[in-house]
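Trainee: any chance you could fold what I've pasted below:
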Amino acid sequence: MTLQLDVSSNSYIIILMRADSLGFLSPQATPPEADLLLPQYVDLMHVTAAPPMLKQSEELLNGTDRFPSIAQFRSTLESQSNLIIAESGKDLNKVGDSDKTCIILGLQEAPHDANKATLEELHRQGIRVITLSYQQGDHPFGSGYTNPEGHLTYRGRDFLLDCEAVGIIIDLSHVGHQTARDVLNFRDEQQLCFPVFASHGGVFELFDGNKNHINNTRNLPWDVLEGIADTGGTVGIYALTFGLSETDDSIKPFINHVVSASERLGETTVTIGSDSVYRSRDIAEWQVLVEWLKGQLTKSGELIPRFPDYPLELNRPDKIEVIEEQLLVAGLARSVVEGVAGKNAIRFFRKSLA
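Mentor: Presented below is the predicted three-dimensional model:
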């Protein structure tokens with residue numbers, strides 16, 4: 001987005017870029033159809049191209065009775081004139097200077113049978129981001145957040161080496177705390193260069209409630225977030241009410257996490273990873289979908305959602321503007337707010353996309 005200002009002889013242009021490092025074009029379990037005016041509200045969005053319940057590469061590449069393949073998902077996006085798929089840093093050179101929202105395709109869980117050939121095919125189809133493990137504690141590559149103490153496995157190390165070779169960005173969202181530490185240590189010890197970030201999550205120590213609650217182990221601790229920042233990666237803060245507080249459904253916990261993380265991790269690190277839908281949603285339909293989602297996620301004792309799963313203040317496609325206003329009210333400098341709102345995420349993806 002471009003805001004042109006004419007100040008006598010000192011005319012200048014301020015580029016306001018907005019990005020979400022994990023958002024949804026439409027409610028889960030519905031076709032990914034974007035709001036027609038989406039480019040007015042967000043310039044870049046990282047989205048998940050397949051549901052995390054698909055565990056095998058064949059399911060991702062060929063689809064199932066319930067879910068489309070990655071190619072079908074991508075085709076649906078490409079049929080929408082207000083969207084464009086970004087596959088390289090060069091594709092992002094004109095972010096904020098067009099009438100399209102750039103979309104980066106990712107997966108919220110690595111397929112359990114992933115190898116270098118699998119990753120090469122996923123990369124060919126446009127996948128640029130993969131999360132090591134979605135939630136389960138015994139993923140072949142390492143633990144998800146349901147087992148915070150589980151370690152990166154030997155297969156997980158091979159997976160990271162393959163991602164380095166292919167050009168895949170590693171997302172530590174949903175990953176268990178110790179597995180996340182192991183990934184960062186392995187990257188450092190082996191002098192690897194694969195980009196690493198946390199697309200959407202919260203700060204473990206800032207959770208408003210019981211620190212041992214499973215909804216809090218989904219968040220990453222300060223030492224992991226600092227490790228990500230040290231690599232030049234970004235940390236996206238999600239707006240999930242139940243992931244930030246046991247009782248508070250307002251926007252306040254989200255603002256607190258963003259402000260605290262910006263102060264501790266530096267002004268070039270924190271981004272918005274809202275994990276929310278860029279539409280104004282009907283409340284009754286939204287409630288039904290949250291109940292369905294709750295049934296999906298709690299079958300094995302995982303994350304426990306509640307309605308509203310993100311603040312009602314953000315039930316709108318221009319939610320980043322609302323967030324900007326709230327962050328300014330909270331006392332963040334305008335330059336920091338601009339980084340959180342988009343510049344940090346766009347900078348990260350520009351340098352990280354192979």
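
Trainee: hang on, Leu160 is in a helix, isn't it?
Mentor: Yes. The assignment for Leu160 by DSSP: H, G, I helix; E, B strand; the rest coil puts it in a helix.

Trainee: wait, isn't it in contact with Ile170?
Mentor: Yes. Here Leu160 reaches Ile170: they are 6.8 Å apart, a contact under Cβ atoms under 8 Å. The C-beta positions use only the backbone N, C-alpha and C, and glycine is treated the same way.

Trainee: these two: who's more crowded?
Mentor: A direct count of neighbours by other Cβ atoms under 10 Å for Leu160 and Ile170 places Ile170 higher, at 28 against 25.

Trainee: what's opposite that one in the beta bridge?
Mentor: Ile130, Val196 (DSSP bridges).

Trainee: for it, what are its contacts?
Mentor: Contact partners of Ile170, counting by Cβ atoms under 8 Å, 6 or more residues apart in numbering, are Val129, Ile130, Thr131, Leu132, Leu160, Cys163, Val183, Phe194, Pro195, Val196, Phe197.

Trainee: mind putting the residues you listed into JSON lines with distance to Ile228 and pLDDT?
Mentor: Putting those into JSON lines (distance: Cβ to Cβ, whole Å; pLDDT from 0 to 100) gives the following:
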{"residue": "Val129", "distance to Ile228": "14", "pLDDT": "98"}
{"residue": "Ile130", "distance to Ile228": "16", "pLDDT": "98"}
{"residue": "Thr131", "distance to Ile228": "13", "pLDDT": "97"}
{"residue": "Leu132", "distance to Ile228": "13", "pLDDT": "94"}
{"residue": "Leu160", "distance to Ile228": "15", "pLDDT": "98"}
{"residue": "Cys163", "distance to Ile228": "16", "pLDDT": "98"}
{"residue": "Val183", "distance to Ile228": "10", "pLDDT": "98"}
{"residue": "Phe194", "distance to Ile228": "12", "pLDDT": "97"}
{"residue": "Pro195", "distance to Ile228": "10", "pLDDT": "98"}
{"residue": "Val196", "distance to Ile228": "6", "pLDDT": "98"}
{"residue": "Phe197", "distance to Ile228": "6", "pLDDT": "98"}
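
Trainee: can you tell me which of the residues you listed is nearest Ser81?
Mentor: Using Cβ to Cβ, the shortest approach to Ser81 within the contacts of Ile170 belongs to Val129, at 24.3 Å.

Trainee: roughly how far does that closest one sit from Gln190?
Mentor: 21 Å (Cβ to Cβ, to the nearest Å).

Trainee: who has more neighbours out of the two?
Mentor: The neighbour count for Val129 versus Gln190, taken as other Cβ under 10 Å, is higher for Val129 (26 against 12).

Trainee: so, low pLDDT: which residues of the stretch 1-150 of the chain?
Mentor: Within the stretch 1-150 of the chain, the stretches with pLDDT under 70 are 1-15.

Trainee: what touches both of Leu160 and Ile170?
Mentor: Val183, Phe194.

Trainee: ok but Glu164 is inside a helix, no?
Mentor: Yes. Counting by three-state DSSP, Glu164 is part of a helix.
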